[in-house]
Structures are given as C-alpha cells and as structure tokens.
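**Student:** With the sequence up front, the predicted model follows.
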Amino acid sequence: MAVYLSFFSLAACSIIQPQEANVSIIPIAPGWANNSVNAVIFRKNSLATHENTQYAAFYDPEQYLVLAKRRHGTKEWELKRSPYKGKATDAHNTISIMVDGEGYLHVSWDHHGNQLRYARSQSAGSLELSEKMEMTGLREDNVTYPEFYRMPDGNLLFFYRYGASGRGDLVINRYDLQTKQWTQLQSNLIDGEGERNAYWQSYMDAAGTLHVSWVWRETWNVASNHDLCYARSRDGGRTWENSKGEKYSLPINIKTAEIARAIPQNSELINQTSMTADSKGNPVIATYWREKDSAIPQYRLVYHTGTEWKSQQVSSRQTPFSLSGGGTKRIPVSRPQVMLRRKGNKEQAFLIFRDAERQEKVSAASCSDFPGGDWEVLDLTEIGVGAWEPSYDTEYWQQEGILNLFLQKVDQVDGEGVAEREPEMTGVLEWKPAIAK
C-alpha cells in the first residue's frame, strides 16, 4: 500500500486547494471516487476525534475499508487497510465510525438492506479491527444507514433503519463502556406502520439531550417526502417527548408525531440532511425544499425559539430543479450541514453546502447573530468537488469550534449509477471560522 500511496500522492494532492486564508487541506490517501459513497452527508461519522487523535475511514480504489489516524496539528496519517471490503458501487453502503470514551474505535460499513456489519478496534487507539460481530442479534438482518453518536459519558448510541425505503423502522442500540456490550433501547422508535418510513437526522447536544427530526416518505420515490417532524430524549434514548415536553407513547407514528413544519409531497423536499441545537438546547434543522409559488428549491433552517417553531430561508438560488425517482440522485446541490457556536452574547450559525450555481465548490453560509442577522456566503475551495456532500468531525467541532470536513472530489450517476474515473485524493478540509464581534 505504501507504493500505491506514493505513486498517486503528488498528482492527487494538487486537485483541491483552499480558497480562504483560514482554510487548510490535509490529504490522506487516494479513494474510490466512481460514486459518492465516501462523501454522502449521512456518514455519522466520516471523521471522529478522541482526545487529540482524529480518525478517518473511506473505501480505497479496490473497495476495501481503510482506516486512518493522525494527531491534530499534524499532516501525517497512519493508515491501515482492513480485511473488509464493501459494495462501494452502491452509494448507500457507507462507512460510519465513532470512538468511545475509552478510545476504542467502532466501525460499521456496507449496508443497504443486508446483515449488520460491525467491528471495533482490538485495543484503544488501534486501527486493527476485530472479527465481524453482532451487536444485540435483534433485527440485524435488514440494516441500512448505520450511525454512531457518542454521549457525554463516553457510551455510544447506534441508529439504523430496519426495513426498506417507504416501509422501514428506526432502531437504536446502546453501548455500555463498563460491560462492553450492546443492548437494544428501541426496536422501533419511529414506526412506518408498513406504509412509509422516516428519513431522519439526529444530534447529541452538550447537555446530553438527543434530538431527532425526520421527513416521512410514502414510497420509494423521493418526491413522496413530506412534513418535517421532531422528537427529543433527555435520558439517552429511553423515553421521548415533543418540543413542549409532552411524552410520546412509543413507537411514534404519523398520527402522533409533532410537525415542526408542514411540507406537502412534491415540494422537492430532500431527506437525511442535518440538525444541531443552540446554546439553550433548542433544535435547529437544515434542509431544502421549494414553496408552492416557486419552482426553485432553497436552503432553509427550521428552528425552535423555546416557545414556537419558525423557519428561515438562507439561500437565494436562481435555478430550478426537480426531485423524483429512486436510488442515489445526481442533484445540482448537496444536502446542507448546519452547526452553531456561542461566542459572547451571540449565536453564530454556519451552513455548509455544494451548489452548481457556485461551480460545485465547498461553500459556507454564515450568520454572526442567528437568527436575526444577515447571511454571508464564501467558497472554501478554489475548484469544484463534483457530487461531494459535507460530513464533519462532530466531536472536534464541539471541543474546539474548528470545522474538519471530510473532503473528496467524487462523481454520482443518477439513480445509483457508477462513473468511470480515476481515484481521487481523500482528505480533511480544516476551517477556523472568524469569531463574531
């Protein structure tokens, strides 16, 4: 593998360059780029930090799962090609990682309605993985969208869909550091009742409150997405309530779910975006859709003030597009990633995205005094990144207020197609946003 890396490094490292002075790019190694599997937004996570060590994962050009780690402040990575391969030709089959409170790396990969694939490092800080193992053995034969979340106590949560598009359930497992065992907290938190499924996004805030929002999809067709809903848990996923503190009877279904924003079908409403919370624990959800009097989808935030739900348009896009069909879509915009930080008496908001109107560069919209301030947009790279979508190191952002994005120029043929292209360099884009005055 060392020969392979040296052969590609000089050519690949020059592909993407930062455009802003407070942006740097740290290359890792060449990766599979024939579709967007390494660079879709629902990777939780593509990058993960424990103490001062950052971990990364991606598929290499031969579709092997590769792990990497570095010390923050350095550009040298230790790499390990695992013995595991994934079906990288399907952009659903992502790799998700997280490090628990004891420094063990947990990895799940290669899912689109198949048996759970999960392993963890053989020791704290190691890139050597165990044999594949079960978590609980329950509802593990039809897994899609694996996601890890680290709780403030160092224990982990693991989310996945059981079932299929248009008829799936949300399962949540919990990992305990003391026993090193997984238990199932929820076998079906959000019930599609065999007729629909929830496409969710989630966030663990600094107080340990777990926020989940979702759209309903009625069929396999993305055009059937509708309504943005919300729930939260203050006890690590055991019990759930709405934004008013009213307890849900589980599982949540379409009749009982709190609607944060009513959005009809055929509104170009995308699924699996992102969310965060402000310094008071109020949820903020990022997505895009079009209003009925417009043909142009716009990036928007739906947020709770502490008393009510509101929404805000962030973008001023000029180009219409329409969403329909199944599989991974080739869309002229990425799904957005949102993050907030408190500086003094102001809440700073950031929305990371990619848009064909901006030559598919990595772009950032920022608001220095959310929700009342104006939005400004800047590009973080000099050239485009193809079908890339933003995923980031959530733990490092919470610790340091420094954004580390997984970066790779990728292609995506509409409807789960595969392009013919050379490998592209993977890397980390590090951005240190200016502090609002």
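**Tutor:** Yes, it's here. Numbers count the residues shown, from 1 in each chain.
**Student:** How is the nearest residue to Ala207 once chain neighbours are set aside assigned, secondary-structure-wise?
**Tutor:** Nearest non-adjacent residue to Ala207, counting by C-beta to C-beta, 6 or more residues apart in numbering: Gly281, 5.8 Å away. Using the backbone N, CA and C atoms, a C-beta is placed for each residue, glycine as well. Following DSSP: H, G, I helix; E, B strand; the rest coil, Gly281 is assigned to coil.
**Student:** quick one: what helix or strand has Tyr396 in it?
**Tutor:** helix 394-400 (DSSP states H and E).
**Student:** Show me what that helix is packed up against.
**Tutor:** Helix 394-400 is packed against strand 47-50, strand 403-407, with contacts defined by 3 or more C-beta pairs under 8 Å, 6 or more residues apart in numbering; DSSP states H and E.
**Student:** pull the CA atoms of that helix into CSV?
**Tutor:** What follows is helix 394-400 as a C-alpha-only set of coordinates in CSV (Å, rounded to 0.1, in the frame of the first residue of the first chain):
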residue,chain,number,x,y,z
THR,A,394,-18.7,16.5,15.3
GLU,A,395,-16.6,15.9,18.4
TYR,A,396,-13.8,18.2,17.3
TRP,A,397,-16.3,21.0,16.5
GLN,A,398,-17.8,20.8,19.9
GLN,A,399,-14.5,20.8,21.6
GLU,A,400,-12.6,23.4,19.6
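**Student:** Numbering from 313 from now on, please.
**Tutor:** Okay, using 313 as the starting number, the last item reads as helix 706-712.
**Student:** Show residues contacting it.
**Tutor:** Helix 706-712 has contacts (C-beta atoms under 8 Å, 6 or more residues apart in numbering) with 356-357, 359-362, 366, 384, 411, 462, 518, 651, 653, 714-716.
**Student:** how far out from the middle of the chain is that helix?
**Tutor:** Relative to its parent chain, helix 706-712 has a centroid offset of 15 Å by C-alpha atoms, centre = their mean, to the nearest Å.
**Student:** mind listing what's buried in it?
**Tutor:** 706-710 (16 or more other C-beta atoms under 10 Å).
**Student:** ditto for stretch 491-508
**Tutor:** In stretch 491-508, counting by 16+ other C-beta under 10 Å, buried: 494, 496-504, 508.
**Student:** Now do it: distance from first to last residue.
**Tutor:** 36 Å (C-alpha to C-alpha, to the nearest Å).
**Student:** Now do Val725, the pLDDT please.
**Tutor:** Note on Val725: pLDDT of 82.
**Student:** and the buried residues of helix 706-712 as JSON lines, adding distance to Gln434?
**Tutor:** As requested, the buried residues of helix 706-712 are exported to JSON lines (distance: C-beta to C-beta, whole Å):
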{"residue": "Thr706", "distance to Gln434": "25"}
{"residue": "Glu707", "distance to Gln434": "22"}
{"residue": "Tyr708", "distance to Gln434": "24"}
{"residue": "Trp709", "distance to Gln434": "28"}
{"residue": "Gln710", "distance to Gln434": "27"}
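**Student:** Save the residues you listed as JSON lines, and put in pLDDT and distance to Ser348 too.
**Tutor:** Formatted as JSON lines, the buried residues of helix 706-712 follow (pLDDT from 0 to 100; distance: C-beta to C-beta, whole Å):
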{"residue": "Thr706", "pLDDT": "97", "distance to Ser348": "20"}
{"residue": "Glu707", "pLDDT": "96", "distance to Ser348": "24"}
{"residue": "Tyr708", "pLDDT": "97", "distance to Ser348": "23"}
{"residue": "Trp709", "pLDDT": "96", "distance to Ser348": "22"}
{"residue": "Gln710", "pLDDT": "94", "distance to Ser348": "26"}
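**Student:** quick one: Thr551 from Ser545, how far?
**Tutor:** Distance, Thr551 to Ser545, using C-beta to C-beta, to the nearest Å: 6 Å.
**Student:** which of the two has more neighbours?
**Tutor:** A direct count of neighbours by other C-beta atoms under 10 Å for Thr551 and Ser545 places Ser545 higher, at 23 against 12.
**Student:** was I right about the more buried one contacting Thr521?
**Tutor:** Yes. At 7.1 Å, Ser545 counts as touching Thr521 under the criterion of C-beta atoms under 8 Å.
**Student:** For the stretch 513-662 of the chain, just list every one of the strands.
**Tutor:** Counting by DSSP state E, counting those that start in this stretch, the stretch 513-662 of the chain has strands at residues 522-529, 537-545, 570-573, 586-589, 595-601, 610-616, 621-625, 649-655, 658-666.
**Student:** ok, residues contacting the fourth one?
**Tutor:** When you say that, I think you mean strand 586-589. Under the contact criterion C-beta under 8 Å, 6+ apart, strand 586-589 has outside partners 353, 513-515, 517, 521, 523, 525, 595-598, 647-652.
**Student:** Report the buried residues of stretch 514-521.
**Tutor:** Buried-residue list, stretch 514-521, by 16+ other C-beta under 10 Å: 514-517, 521.
**Student:** average pLDDT across it?
**Tutor:** Averaging pLDDT along stretch 514-521 yields 94.
**Student:** Where does the prediction get shaky in the stretch 313-462 of the chain?
**Tutor:** Applying pLDDT under 70 to the stretch 313-462 of the chain flags the ranges 313-333.
**Student:** Same question for the stretch 563-712 of the chain.
**Tutor:** For the stretch 563-712 of the chain, the ranges with pLDDT under 70 are 639-641.
**Student:** residues contacting Leu635?
**Tutor:** 534-535, 537, 580-582, 641, 643.
**Student:** from those, which is closest to Lys399?
**Tutor:** Comparing the contacts of Leu635 against Lys399 with C-beta to C-beta picks out Lys641 as the nearest, at 18.6 Å.
**Student:** Not counting residues beside it along the chain, what's closest to Ser623?
**Tutor:** Spatial nearest neighbour of Ser623, excluding adjacent residues (C-beta to C-beta, 6+ apart): Val614 at 4.7 Å.
**Student:** Neighbours of the one you found, how many?
**Tutor:** A total of 20 residues lie near Val614 under the criterion other C-beta under 10 Å.
**Student:** thinking it is in contact with Arg573, fair?
**Tutor:** Yes. Here Val614 lies in contact with Arg573, judged by C-beta under 8 Å, at a distance of 4.7 Å.
**Student:** Pull up the overlap in contacts between these two.
**Tutor:** Common contact partners of Val614 and Arg573 (C-beta under 8 Å, 6+ apart): 540, 621, 623.
**Student:** Thought Asp517 was touching Tyr461, still the case?
**Tutor:** No. If you go by C-beta under 8 Å, Tyr461 and Asp517 don't touch, sitting 10.8 Å apart.
**Student:** any idea how far Asp605 is from Leu613?
**Tutor:** Per C-beta to C-beta, Asp605 is found 20 Å from Leu613.
**Student:** The two: who's more crowded?
**Tutor:** More neighbours surround Leu613 than the other of Asp605 and Leu613, with 23 against 5 (other C-beta under 10 Å).
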